[in-house]
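Next one to model:
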Amino acid sequence: TLTAPLSLLTQDVQLLFTANAGAGVTLYWYEPVSASSQSVAVAELGGGSGTLSVAALLLGADRALGVDIDPNAVDIAYNNADENGIARDRYTVVAGNVLDDKGFVDSLGTGYDIVVANIVADVIIGLAPSVRQFLKHGGLFLCSGIIDTRAEEVADALRQNGWEIETTRSGEGWYSYACR
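Prediction:
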């Protein structure tokens with residue numbers, strides 16, 4: 001749940017995410033996106049309101065995909081994108097189950113530079129075996145929203161599925177991992 005309006009993204013991205021510890025750790029890794037001279041594509045799995053995918057676009061990503069299991073999230077994420085001046089030709093939001101619906105997963109495409117998932121530990125554990133299919137070779141998987149009591153369990157699941165955890169960040173009882 002956001003503690004500030006999403007429209008603040010255009011004014012002070014860090015302020016918004018500092019107020020939301022679960023998402024704040026993920027946004028830290030978005031900072032290099034704006035400095036990149038190459039095209040960057042981001043997919044947000046379990047995006048809900050689209051906070052992280054919209055932030056990625058505001059920080060320089062060329063295109064983003066938002067995915068959530070809740071069909072209501074589609075309109076909410078598009079509204080947030082509209083409030084922040086994000087054109088629909090750069091942002092796609094869809095509803096479906098990335099854990100259990102192979103046809104849906106196949107429809108999402110591949111070749112993303114960054115995949116983010118700021119969601120509960122059980123979903124990240126469930127994504128660990130399959131999220132690589134969305135990434136281009138060498139792409140980055142950022143997972144956050146992991147409560148401290150489940151952090152080691154998530155890290156173990158990531159490693160067991162071939163992910164190298166490059167960076168671990170924690171704060172205020174939440175963990176995030178940057179993996180390749």
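
could you pull out the strands for this structure?
41-45, 63-68, 91-95, 112-118, 135-147, 165-171, 174-179 (DSSP state E).

Now tabulate the ones you listed in a markdown table and tack on mean neighbour count, distance to Val54 and mean pLDDT.
For glycine as for every other residue, the C-beta is placed from the backbone atoms N, C-alpha and C. Below are the strands of the chain laid out as a markdown table (neighbours: other Cβ atoms under 10 Å; distance: least, Cβ to Cβ, whole Å; pLDDT from 0 to 100):
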| stretch | mean neighbour count | distance to Val54 | mean pLDDT |
| --- | --- | --- | --- |
| strand 41-45 | 27 | 9 | 96 |
| strand 63-68 | 24 | 8 | 97 |
| strand 91-95 | 20 | 7 | 97 |
| strand 112-118 | 26 | 12 | 94 |
| strand 135-147 | 20 | 15 | 94 |
| strand 165-171 | 14 | 21 | 92 |
| strand 174-179 | 24 | 18 | 93 |
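
Okay, Val74 and Ser49: tell me how far apart.
Noted for Val74: a distance of 11 Å to Ser49, by Cβ to Cβ, to the nearest Å.

Is the residue nearest to the spatial centre of the chain bridged to anything, and to what?
In the chain, the centroid-proximal residue (Cα atoms, centre = their mean) is Val116; its distance is 2.5 Å. With DSSP bridges applied, Val116 shows beta-bridge pairing to Glu44, Leu142.
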